[in-house]
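# sequence unknown, structure follows:
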Ligand SMILES: [Ca+2]
Ligand SMILES: [Ca+2]
Ligand SMILES: [Ca+2]
């Protein structure tokens, strides 16, 4: 009798399958991690209370701190939802409210700025459940760097030779590697301000890398477009974005006018019987702050009777553009080589020009507004 029952059971189950769905086991309760509470920036040897919401049936949540790019957990913490009853000092406030907590002492193995993956993983009865939640956070010293000392010249003489160093000693408790940048700004009332960076990597004239002395070597061209007493402010920013107080000093930048040299123009020209004759006129500009400080070079021409040419003044160019009368206004005035400091223009005489002595004057002006002395030349048309 007993054997008969055992045999008939599988038959009954099979018969049932044909008519309705297999009974599905109850789905395990879904576990979702959310609403982690932790600071953006973790400071070494500081205590933090961490919280995470974990919906579902969860015993604990494991937090692993993985330095970015290493893949290996450096620190591990377990978070509990026990109201602090079973794990004293975990900082959990209310038991069984699905908020898991722990107080952690953040102890990175390396000082300085570093990014971390913080991986939260829920577990139940010793097995992981649900998907991990990964958050990016950074770790680093929370004290701002400090500009300890400025090593600046007090004056940049006009046209000085060689180079001078702008330097600042910057202290950061996490080491020079934690300083993201050292900024220098210069300002003066009514003048355009400027900014640049100082370096401690052996570049830009820095004599020694990694010695906390940030440097920038400048030459005479640094004074281009600058003139007068500037307030120099230097500040350092670390990799967590914290900014030091500024340290300031006064720097006097002396900027003087360009000099006109090497005038190249004919002393005498034969008037053409017909048509026109053209003559290249050029002058070399010595500018103490370099060519980038030259604003404009002007030529003025005067007739034998002393009257000025209608088109005075003429702009001279250092653009390397050959003479092309149809593109005269675009700067095609016969300059031979661009950017060599030799500014050029072509003087044209036609058959209608009166004979006599023509006077030509040259001036140059820099971007600080300094005017060169006037250079005068004469061309005799005969
Ligand atoms: Ca250095
Ligand atoms: Ca100048
Ligand atoms: Ca030129």
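Received, thanks. Quick caveat, the model's predicted, so the values are computed rather than measured. Numbers count the residues shown, from 1 in each chain. Ligands and ions are numbered 1, 2, ... in the order given.

# how many neighbours does residue 178 have?
Residues lying near residue 178 (other CB atoms under 10 Å) number 21. Heads up, the C-betas are built off the backbone N, CA and C, glycines and all.

# Residue 135 - nearest residue in space that isn't next to it in sequence?
Counting by CB to CB, 6 or more residues apart in numbering, residue 135 lies nearest to residue 118, which is 4.8 Å off, once chain neighbours are set aside.

# Residue 381 touches residue 358, doesn't it?
Yes - assessed by CB atoms under 8 Å, residue 381 is found in contact with residue 358 at 6.2 Å.

# who touches both of the two?
residue 304 (CB atoms under 8 Å, 6 or more residues apart in numbering).

# so which helix or strand takes in the residue nearest to residue 135?
Using DSSP states H and E, residue 118 falls within strand 114-124.

# Show me what from the stretch 1-150 of the chain comes close to ligand 3.
Nowhere does the stretch 1-150 of the chain come near ligand 3, counting by CB under 5 Å from the ion.

# I'd like to know the beta-bridge partner residues of the closest residue to ligand 3 within the stretch 1-150 of the chain.
Closest residue of the stretch 1-150 of the chain to ligand 3, CB to the ion: residue 150 (40.3 Å). Residue 150 has these beta-bridge partners by DSSP bridges: residue 168.

# gap between it and ligand 1?
Counting by CB to the ion, to the nearest Å, the separation of residue 150 from ligand 1 is 14 Å.

# Measure how buried that residue is and give me the count.
Residue 150 has 17 neighbouring residues, counting by other CB under 10 Å.

# list the contacts for the residue nearest to residue 135?
Residue 118 neighbours (CB under 8 Å, 6+ apart): 36, 38, 63, 64, 65, 66, 134, 135, 136, 137.

# Wait, the third one touches residue 80, no?
I take that to be residue 63. No - contact criterion CB under 8 Å: residue 63 and residue 80 do not qualify, at 11.4 Å.

# Would you map out the domains in this protein?
32-139, 146-253, 259-381 (automatic domain parsing).

# got the contact list for residue 377?
263, 265, 281, 359, 360, 361, 362.

# tell me which residues form a beta bridge with the nearest residue to it once chain neighbours are set aside?
For residue 377, ignoring the flanking residues on the chain, the nearest one in space by CB to CB, 6+ apart is residue 360 at 4.8 Å. Beta-bridge partners recorded for residue 360 (DSSP bridges): residue 301, residue 377.

# swap in residue 230?
On the basis of DSSP bridges, residue 230 takes part in beta bridges with residue 251.

# close enough to count as contact, it and residue 189?
No - using CB under 8 Å, residue 230 is not in contact with residue 189, being 9.9 Å away.

# any idea which of the contacts of residue 377 is closest to residue 47?
Checking the contacts of residue 377 against residue 47 with CB to CB, the nearest one is residue 362 at 74.8 Å.

# how near is that closest one to residue 373?
Residue 362 is 10 Å from residue 373, where distance means CB to CB, to the nearest Å.

# more crowded one of these two?
The neighbour comparison of residue 362 against residue 373 (other CB under 10 Å) goes to residue 362, with 25 against 12.

# Which elements pack onto the helix or strand the more buried one falls within?
If you go by DSSP H and E, residue 362 is part of strand 356-366. Using 3 or more CB pairs under 8 Å, 6 or more residues apart in numbering; DSSP states H and E as the contact test, the elements touching strand 356-366 are strand 259-264, strand 276-286, strand 294-302, strand 375-381.

# and of those strands, who's closest to residue 42?
Of those, nearest to residue 42 by CB to CB is strand 294-302, at 53.6 Å.

# Pull the number of nearby residues for residue 366.
Residues near residue 366, counting by other CB under 10 Å: 26.

# residues contacting it?
Contacts of residue 366 by CB under 8 Å, 6+ apart are 224, 255, 257, 258, 287, 289, 293, 294, 295.

# List buried residues within those.
224, 255, 257, 258, 287, 289, 293, 294 (16 or more other CB atoms under 10 Å).
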